[in-house]
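# predicted coordinates and the sequence they were generated for:
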Amino acid sequence: MAENLDLFEVNKLFILGRPIVSIFHNDSNMYSIVRVKIQETNLQYNEKEIIVVGYFPKLNDDELYRFTGTMKSHPKYGLQFQVETFVKEVPATEQGIIHYLSSDLFPGIGRKTAEIIVEKLGVDAIKKIMEDPEALDAVPRLNEEKKMTIKQTLEQNLGLEKIMIQLNDWGFGPQLAMKIYQTYREETIHLLTENPYRLIEDVEGVGFGRADELGARLGIVGAHPDRIKAAVLHVLTDAALSEGHVFLDAEHVLPHVKTMLEQSQREEIQYEAISKAIIEMREESKICGEETRLYLPSLYYSEIGIASKILDLLNHNDKQERFTKDEIRKAIGEVEERLEVSYAETQVKAIECALNSSVMILTGGPGTGKTTVIRGLVEVYAELHGLSLNPKEYAQKEEPFPIVLAAPTGRAAKRLAESTELPAMTIHRLLGFNGQEKEEETEREVEGRLIIIDEMSMVDTWLAHQLLKSLGEDAQVVFVGDQDQLPPVGPGQVLKDLLASKQIPTVELIDVYRQAEGSTIIELAHQIKKGNIPNTIAEKTTDRSFIKASAPQVASVVTQVVKSAIAKGQSIRDIQVLAPMYKGPAGIDMLNKQIQELVNPNADGSRKELVFGDVVYRIGDKVLQLVNQPESNIFNGDMGEVVAIIRAKETVEKQDLLVVSYDGNEVTYQRGDLNQITLAYCCSIHKSQGSEFQTVIMPIVRSYSKMLRRNLLYTGITRAKNFLILCGEPDVFAGGLAKTDDLQRLTSLKARLNPMEVEDLEIVEVQSDSLKHENQSESKISGEVKEQQAMFYMKGEVLEPVLNAETAPYIHPLIGMEGVSPYDFQED
DNA sequence: CTGTAATA
């Protein structure tokens, strides 16, 4: 029998106890750390006190709470109890209530009084008082003051339950209700009755539909301004999140809002009412408007912020410490010698350009050596500035490392760190995000003089703004990326817009180094980039093939392919299956499971396993770390291998343990930490961007359709160095290829950088010198930006939103649509 | 539906 350590056999753990001291409490997100004196528990835990961690409001000393949750071990602070739910324990015995009422919580109430109350009202005393404040009148010899004390204290302390009951009544489940309570606390009922639509903005997980239901219950119906405004925000947010738009045209917003409102409640809404609401929102700064474009404020100010910072940097160009061509060439020569590499002419140009610009873009397709240039740039920069590249030296002197490397995903950051042998991190970590604060709140300045951002195509408008905002005055920034690869998950297309503006010095690498000469993968990639399906797609070539398979077959076909690749002598580490999404029968989770069964099976059930949710871990499994854990020196993106599974009875803590080795750094996970890792046989295409693999296997099935796009296919395919195996349905592949969101993302960043139609910058043709590469072609380097152009940047006065009551016609539904009736917008 | 982030 398998030595399964099943999660589901574990009983729900609880602690009944009183807080002794609050160690930490974050008022904005309720994250709390409290030392609790245990009164009762079903934990295997012998101490009298325990550290309790979780999201809950300030607790009262001396009151009894019931926590449920799990035990976990913090790498630095040891064993703790992670709270999932908590409730105040209302005393259920006469003695308990007497003790409770006579405690310090109720000043002026002594034991005698408490006894009398219980005598008169019974064990239900507290419930009775909460339900009916008059109940205390039945108690003799209790003056008004004392009655008030009791009522108020109970109200304050048990108010949570009351609010929860109301929220449940309004249709919110316990989890969501807690989240809502954490947001509004005592004010919950009051604020929601006033405007239920605030939930959409304030509480994640509540959408327009949910809020509108509550609105209807509270009598906010039809053309109520709050209702219309909520719908407008919803339409803009939805466009930003699902389609990547930074703004929408008013003429598009109006019919959209109308339809939405009329679908939710069957009452006709006039366009005039929507126009009026939009103007008001503009005045209240709930949205921003420019000509007929409507923006969410965060996106509007982000875009302006990006443009302004970029132009500042361009203006700053002259003040940078410059190097002559000779100095740079000499330094490059030295670096080439030391690293035993030889840079192509374009690569040298790129390094030169980066050294002498405040901001520049390094672009080029997959495998063109962008990473090589980053490595070289860092070395040459250090050489020229006489800097050490040993991070330890800076740590000793407590000085910031002068070169900052960052990328938008953990895996890409890891890859960057590996290829440069320097510290690299996610942009989020660089900026000190903690996952809680509202945008605009981080004010960290990035210390470092050379900032290199890799995989810039995946950086959205919000993040780009935060990043640029945090750069120092004299920073030099290099954006590295490929606009044909994945766009951001969030709104905008910053890299694409920056390139399209032609305002920023740019070097494009063209020669392909990753794949071998004559690779048909490259040929396929070129076709895909253009949107063509080569007629050779179904043909098997030396380095790629397309195996037709129906959706239900695909998972088993993928595993068969993995199996035969291994049979041909490839290592599982060199084989990577890539898929767009996690869920579903051909999703990443399922594929991981199937591949694991094949390459690391437990057929006879004799091996040790650790079961966590749907995942089984065995020794030898390839895993991926998903969150940062500086305490253990592991970070999002690290890949490791399971080296040990230790069962609860074999450990001191009586906990199941899983040990993963990250290049020799062994990290121990408890059950509660296992959500930090995942199997890594198959990973998302998003995470794979930046990496390369000997063999890539890509399933393509209809269930992926929502996500399939040309740049996703392109990114996945170009990860393959030697072999590419596509499996699935050719027509689905064709459908994905036809979908581009290039021109569909509405943004105005390019326009902000190009306020006037400027003539195209001179393009300097550079002859590539890498004759050894067959597929060479010319490379382009656009000239430096003239200062004059940068000065055309529109400051506030030009960009001042023009939407107000006087310019209302701008957002009239019929703008630009003469002869069209509003009813033409109504579908069906 | 893809990505990121943590407090003593």
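Here it is on my side, so go on.
# what's next to the lengthiest strand in chain A, contact-wise?
Longest strand in chain A by number of residues (criterion: DSSP state E): strand A:13-25. Outside strand A:13-25, the residues that touch it by Cβ atoms under 8 Å, 6 or more residues apart in numbering are A:31-43, A:49-52, A:58-71, A:81, A:89. C-beta coordinates here come from the backbone N, C-alpha and C atoms, glycine included.
# from these, which would you call buried?
Listed as buried from these are A:32-34, A:36, A:38, A:41, A:43, A:50-52, A:59-60, A:63-65, A:67, A:69-71, A:81, A:89; burial here means 16 or more other Cβ atoms under 10 Å.
# now A:F67: which helix or strand?
strand A:65-74 (DSSP states H and E).
# which residues touch the following helix or strand past that strand?
The first helix or strand that comes after strand A:65-74 along the chain, using DSSP H and E, is strand A:78-88. Under the criterion Cβ under 8 Å, 6+ apart, residues A:13, A:15, A:36, A:43, A:45, A:50-56, A:63-74, A:157-158, A:160-161, A:174, A:178, A:653, A:672 lie in contact with strand A:78-88.
# one more pass at 6 Å, please.
A:15, A:50-54, A:56, A:65-74 (Cβ atoms under 6 Å, 6 or more residues apart in numbering).
# please apply the same query to stretch A:398-409.
Contacts of stretch A:398-409 (Cβ under 6 Å, 6+ apart): A:378, A:387, A:391, A:394, A:413, A:416, A:424-425, A:427, A:430, A:447-455, A:458-459, A:687.
# quick check: whichever residue of the stretch 51-200 of chain A sits closest to DNA strand B vs A:I200, distance?
Using Cβ to the nearest atom of the strand, the single residue of the stretch 51-200 of chain A nearest to DNA strand B is A:Y77, 3.9 Å away. According to Cβ to Cβ, to the nearest Å, A:Y77 stands 37 Å off from A:I200.
# same deal with A:L746?
From A:L746 to A:I200 the distance is 22 Å (Cβ to Cβ).
# equivalent analysis for A:L79, please.
40 Å.
# neighbour count: those two, which is higher?
Comparing A:L79 with A:I200 by other Cβ atoms under 10 Å, the one with more neighbours is A:I200, at 20 against 16.
# what does the residue lying closest to the more buried one once chain neighbours are set aside show for phi and psi?
Leaving aside its sequence neighbours, A:I200 sits nearest to A:A211 (Cβ to Cβ, 6 or more residues apart in numbering; 5.1 Å). Dihedral angles of A:A211 (phi, psi; degrees, to the nearest 10) stand at phi -70, psi -40.
# which strands and helices sit next to the host helix or strand of A:M148?
If you go by DSSP H and E, A:M148 is part of helix A:144-169. Applying 3 or more Cβ pairs under 6 Å, 6 or more residues apart in numbering; DSSP states H and E, one finds that helix A:144-169 contacts helix A:174-184.
# the inter-axis angle of the helix it packs on versus helix A:144-169?
Between helix A:174-184 and helix A:144-169, the angle comes out at 130 degrees (axes from the mean of the first three to the mean of the last three Cα atoms, to 10 degrees).
# angle of helix A:174-184 against strand A:78-88?
90 degrees.
# show me what secondary structure element comes after helix A:174-184.
helix A:188-194.
# hang on, the earlier thing: of the contacts of strand A:78-88, which are in range of DNA strand B?
Contacts with DNA strand B are made by A:51, A:53, A:74 out of the contacts of strand A:78-88, judged by Cβ under 7 Å from any atom of the strand.
# can you redo the residues you listed as a markdown table with pLDDT?
Shown next, in a markdown table, are these (pLDDT from 0 to 100):
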| residue | pLDDT |
| --- | --- |
| A:I51 | 94 |
| A:V53 | 91 |
| A:H74 | 80 |
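# next up, the contacts around the residue nearest to A:S302 when sequence neighbours are not counted.
Leaving aside its chain neighbours, A:S302 sits nearest to A:H465 (3.6 Å; criterion: Cβ to Cβ, 6+ apart). The neighbourhood of A:H465, defined by Cβ under 6 Å, 6+ apart, consists of A:302, A:305-306.
# same thing with A:T668?
A:657, A:659.
# keeping just the C-alphas, turn the helix or strand harbouring it into CSV.
Under the criterion of DSSP H and E, A:T668 resides in strand A:665-670. Below are the C-alpha coordinates for strand A:665-670, written out as CSV (Å, rounded to 0.1, in the frame of the first residue of the first chain):
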residue,chain,number,x,y,z
ASN,A,665,20.3,24.8,-1.3
GLU,A,666,17.9,22.5,0.5
VAL,A,667,14.6,24.0,1.5
THR,A,668,12.1,22.2,3.7
TYR,A,669,8.3,22.7,3.1
GLN,A,670,5.6,21.9,5.5
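# contacts for the very next helix or strand once past it?
Scanning forward in sequence from strand A:665-670 by DSSP H and E, the next helix or strand is strand A:677-679. For strand A:677-679, contacts defined as Cβ under 6 Å, 6+ apart pick out A:592, A:623-625.
# try it again with 7 Å
Here strand A:677-679 makes contact (Cβ atoms under 7 Å, 6 or more residues apart in numbering) with A:592, A:596, A:615, A:621-626, A:660, A:669.
# direction included, what does that strand pair against?
Here strand A:677-679 has these sheet partners by DSSP bridges: strand A:622-625 (antiparallel).
# for the partner strand, what is the average pLDDT?
In this model, strand A:622-625 has an average pLDDT of 94.
# quick one: is it near DNA strand B?
No - Strand A:622-625 lies out of reach of DNA strand B by Cβ under 7 Å from any atom of the strand, never closer than 9.6 Å.
# average pLDDT for the following helix or strand past that strand?
Next helix or strand after strand A:622-625 toward the C-terminus (DSSP H and E): strand A:639-646. What strand A:639-646 shows for mean pLDDT is 93.
# name every strand pairing with the next helix or strand after strand A:639-646 and say which way it goes.
Note on strand A:639-646: by DSSP H and E, the next helix or strand toward the C-terminus is strand A:657-662. Strand A:657-662 has the following sheet partners, assigned by DSSP bridges: strand A:639-646 (antiparallel), strand A:665-670 (antiparallel).
# what does strand A:657-662 rub up against?
For strand A:657-662, contacts defined as Cβ under 7 Å, 6+ apart pick out A:610, A:617, A:623, A:634, A:638, A:640-646, A:651, A:666-670, A:674, A:677.
# go on, stretch A:225-236?
For stretch A:225-236, the surrounding residues in contact (Cβ under 7 Å, 6+ apart) are A:195, A:197, A:200, A:208, A:211-212, A:215, A:220, A:248, A:253, A:256-257, A:260-261, A:273-274, A:277-278, A:280-281, A:286-287, A:294, A:296.
# that one and DNA strand B, any residue contact?
No - using Cβ under 7 Å from any atom of the strand, we find that stretch A:225-236 stays clear of DNA strand B, coming within 13.8 Å at best.
# buried ones in that stretch, by neighbour count?
So, applying 16+ other Cβ under 10 Å, buried residues of stretch A:225-236: A:226-236.
# thinking again about what came up before, chain neighbours aside, what residue packs nearest to the residue of the stretch 51-200 of chain A closest to DNA strand B?
With Cβ to Cβ, 6+ apart, the residue lying closest to A:Y77 is A:I51, at 6.8 Å.
# distance of the one you found relative to A:L713?
According to Cβ to Cβ, A:I51 and A:L713 sit 49 Å apart.
# cool, A:K258 as well?
Counting by Cβ to Cβ - A:K258 and A:L713 are separated by 37 Å.
# same thing with A:K563?
25 Å.
# equivalent analysis for A:L64, please.
Taken as Cβ to Cβ, the span from A:L64 to A:L713 is 59 Å.
# same question, A:I274
From A:I274 over to A:L713 (counting by Cβ to Cβ), the distance is 39 Å.
# neighbour count winner among these two?
Using other Cβ under 10 Å, the more surrounded residue of A:I274 and A:L713 is A:I274, with 26 against 23.
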